[in-house]
Each structure stands twice: as structure tokens, then as C-alpha cells.
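> the amino acid sequence is not available; the structure is as follows:
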């Protein structure tokens, strides 16, 4: 595989960031095969697409940079100012801003994607990592692993309105479709909080007693919802699998082993498959959501971490 200068990404494409090999694995989702490998900046973690699907954005954490690459060829287009140690980010719903969690700066940086310059920055708690914007555009939520809090930032005023206390080391935050709920994964506590957005209050805390797995190995991280909002898939880290949750009842309907330490995942546009990045086994699992079974695993780079999908 090359650096992406000659490779071409097709429709229905998954991009997997490999933090230890500093590469992006490009996967054709129709064939579920690797079609290219791109060499990128050091320790790529967060990975996402611009709203128009033209560019792949990559948090090159050790380079203190966010790379913009052509989503079809992998060619480096630009490097954005990002602050120190960008971990995860979120593209604003209007496509104008990129919100970046800077773990070493205890701050969130908003970068204008048109001018490619910093628009504003807000201080948050120590070791920010998870970040997401509410579907109505009002709120930007940022997790603080060290402080065990989530900052609620008013996007209009660029001010922190509340520091919500959570269980130990919140790692990821995800709004459910419709925006009425937001789910927060507290990695070390082994829990996921379900929060009512209107009242900014925790209404339920889920735990995950995965059969045959010691509780200390259950470390929730990435969360994704099906497009209808009925099902959530939660990566459980050292438990080596994922939990499937019925959103309406807030009950776990099953657990599936996917591979070594799944960090993050993404669900295909047809809601049929979850693509799971397995950090320690160096592969990607394809989880069929109808049968709740892994149908295939393919080799990626070293330390698969994040997943983005281009429809």
C-alpha cells in the first residue's frame, strides 16, 4: 500500500486511524477490503469528514496538528492550527467550524474551515478529549478526563455555562438523534450517563456486566447511534467487545466480542453494520446489527483508534 497519492477511495468508504503506525487504513465497505493505506502525521487519533465529504480531517496528536486530506486520494491539502495534543474533534453542523479538544492545553479550539485560522478558544477542564455539538447548534460539550466533568459551552457566547460532574474519566460524548439526550462514556468508572439536554441532568447511568469479563476491564469509550435513534452501540475497551443498547428502554440487549480493545466505531449509512476499530489486535471488525454477530475482521495498521465513513 502507498501513501495515497495514487490510490482512490470509492463510494461507501471507511477510514481508520492507526495511532501507532501513523497511518490511515482505507476500506471499501462494499467488499469489506482494504484498498489503500495513507501515511499521515504522528499518532493519528480523531478522524472525521467535512460536511461536504470532500476532505478527511485527522488529529495528528504528536504533531499538534490537524491535517486536511483529500478524501479520494489522501493528498495533504493543508494543516490547521490546533493547539497542543488534539485528541478528538467535531465539525459544526453548518460546516463552518471545526471544534477541537486539546488535551495538553485544557482548552477547546474552534477553527474556521474557510480561513483555516483559529476563530476562538475556550478554557475547559484538564485533559479534554470527547467533544460534540448538539444538533440544534446551541451547545458544545467537552469531557475532562482529569476533572471528571463535562463542560457545557454556549456556542453563541463562547462561554462555559456549566461544569457537569460525571463518573471517573469521561472519555466520549455523543448526542442521540434529535438532540434531546446526550450520552457520556466514563471510561474508568465503566459507566455511561444518559443526560436530558433540556435540564442538563443525568437521568440514567448504565453499567455493562459483560459475561465472563472482570468489571475493571469494562471501559466504555466510543458511542454511536443508528440513524433512527433506536439503538446505541458502545465500545467497551479492555472488555474486548461492544454493548448493544435499546435506547427507548435504556437496557443492554446484548454484548458482542469484536477484538482487542475496541476504541471507537462508526455505523454504515444503511444502519446494517458497525465498523469497529480494535486497538490492540490491530484489526477492524464488521458487526452485523441484525444478527449481532461479527461477520468479518480485517487487518489494519498498528493501534486502530478512530473510524469515519464516507457514504
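Now that the structure is in, tell me what you want to look at. Since the model is a prediction, treat every value here as computed from it, not as a measurement.

> what's around the closest residue to residue 79 other than its chain neighbours, how many residues?
Closest residue to residue 79 apart from its sequence neighbours, by CB to CB, 6 or more residues apart in numbering: residue 65 at 4.9 Å. (Glycine included, C-beta is placed from N, CA and C.) Counted with other CB atoms under 10 Å, the neighbours of residue 65 add up to 17.

> next one: residue 198
By the measure other CB under 10 Å, the count of residues near residue 198 is 9.

> quick check: it touching residue 182?
No. Using CB atoms under 8 Å as the test, residue 198 is too far from residue 182 to be in contact (10.8 Å).

> can you map out the helices along this protein?
Read by DSSP state H, the chain holds no helices at all.

> the residue nearest to residue 79 pairs with what?
Beta-bridge partners of residue 65, counted by DSSP bridges, are residue 60, residue 81.

> tally of neighbours for residue 69?
Neighbours around residue 69, by other CB under 10 Å: 22.

> tell me what it is bridged to.
Counting by DSSP bridges, residue 69 is bridged to residue 56, residue 76.

> that one against residue 54, yeah?
No. Taking contacts as CB under 8 Å, residue 69 lies outside contact range of residue 54: 10.1 Å.

> could I get the buried residue list for stretch 173-193?
For stretch 173-193, a neighbour-count test (16 or more other CB atoms under 10 Å) marks 173-176, 179, 181-193 as buried.

> how long is that stretch from one end to the other?
Terminal residues of stretch 173-193 lie 9 Å apart, using CA to CA, to the nearest Å.

> do the same with stretch 212-231
Here the two ends of stretch 212-231 are set 24 Å apart, with distance taken as CA to CA.

> quick one: mean pLDDT for that stretch?
Computed over stretch 212-231, the mean pLDDT rounds to 98.

> surely residue 233 and residue 288 touch.
No. Using CB under 8 Å, residue 233 is not in contact with residue 288, being 11.7 Å away.

> in terms of neighbours, single out the busier of these two.
residue 233 (24 against 14).

> who does that one bridge with?
Under the criterion used (DSSP bridges), residue 233 bridges to residue 224, residue 244.

> just to revisit the earlier point, what sits against the residue nearest to residue 79?
By CB atoms under 8 Å, 6 or more residues apart in numbering, the residues touching residue 65 are 41, 79, 80, 82, 86.

> so how far is residue 17 from the last one?
Look at residue 86 and residue 17: by CB to CB, to the nearest Å, they are 12 Å apart.

> ok, those two, which is more surrounded?
Shown here are residue 86 and residue 17; by other CB under 10 Å, residue 17 has more neighbours (32 against 29).

> spatially nearest residue to residue 122, not counting backbone neighbours?
residue 108 (5.0 Å).

> per-residue confidence for the one you found?
With respect to pLDDT, residue 108 has a value of 95.

> just give me the neighbour total for it.
Neighbourhood size, residue 108 [other CB under 10 Å]: 26.

> so who does it touch?
Here residue 108 is in contact with 99-102, 121-122, 124, 128, 131, 140, 142, 151, 153 (CB under 8 Å, 6+ apart).

> can you tell me how far it sits from residue 159?
Distance, residue 108 to residue 159, by CB to CB: 12 Å.

> do residue 182 as well
Distance, residue 182 to residue 159, using CB to CB: 19 Å.

> over to residue 49?
29 Å.

> looking at these two, which is more packed in?
Under the neighbour definition other CB under 10 Å, residue 49 and residue 159 were set side by side, and residue 49 has more, 18 against 10.

> for the more buried one, give the beta-bridge partners.
Under the criterion used (DSSP bridges), residue 49 bridges to residue 56.

> quick one on the thing from earlier: got JSON lines for the contacts of residue 108, with pLDDT, distance to residue 278 and neighbour count too?
Shown next, in JSON lines, are the contacts of residue 108 (pLDDT from 0 to 100; distance: CB to CB, whole Å; neighbours: other CB atoms under 10 Å):
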{"residue": "99", "pLDDT": "97", "distance to residue 278": "27", "neighbour count": "23"}
{"residue": "100", "pLDDT": "97", "distance to residue 278": "25", "neighbour count": "29"}
{"residue": "101", "pLDDT": "95", "distance to residue 278": "23", "neighbour count": "30"}
{"residue": "102", "pLDDT": "90", "distance to residue 278": "27", "neighbour count": "26"}
{"residue": "121", "pLDDT": "95", "distance to residue 278": "34", "neighbour count": "16"}
{"residue": "122", "pLDDT": "96", "distance to residue 278": "34", "neighbour count": "20"}
{"residue": "124", "pLDDT": "96", "distance to residue 278": "30", "neighbour count": "26"}
{"residue": "128", "pLDDT": "96", "distance to residue 278": "25", "neighbour count": "31"}
{"residue": "131", "pLDDT": "98", "distance to residue 278": "23", "neighbour count": "26"}
{"residue": "140", "pLDDT": "98", "distance to residue 278": "30", "neighbour count": "25"}
{"residue": "142", "pLDDT": "98", "distance to residue 278": "26", "neighbour count": "29"}
{"residue": "151", "pLDDT": "98", "distance to residue 278": "30", "neighbour count": "23"}
{"residue": "153", "pLDDT": "98", "distance to residue 278": "32", "neighbour count": "23"}
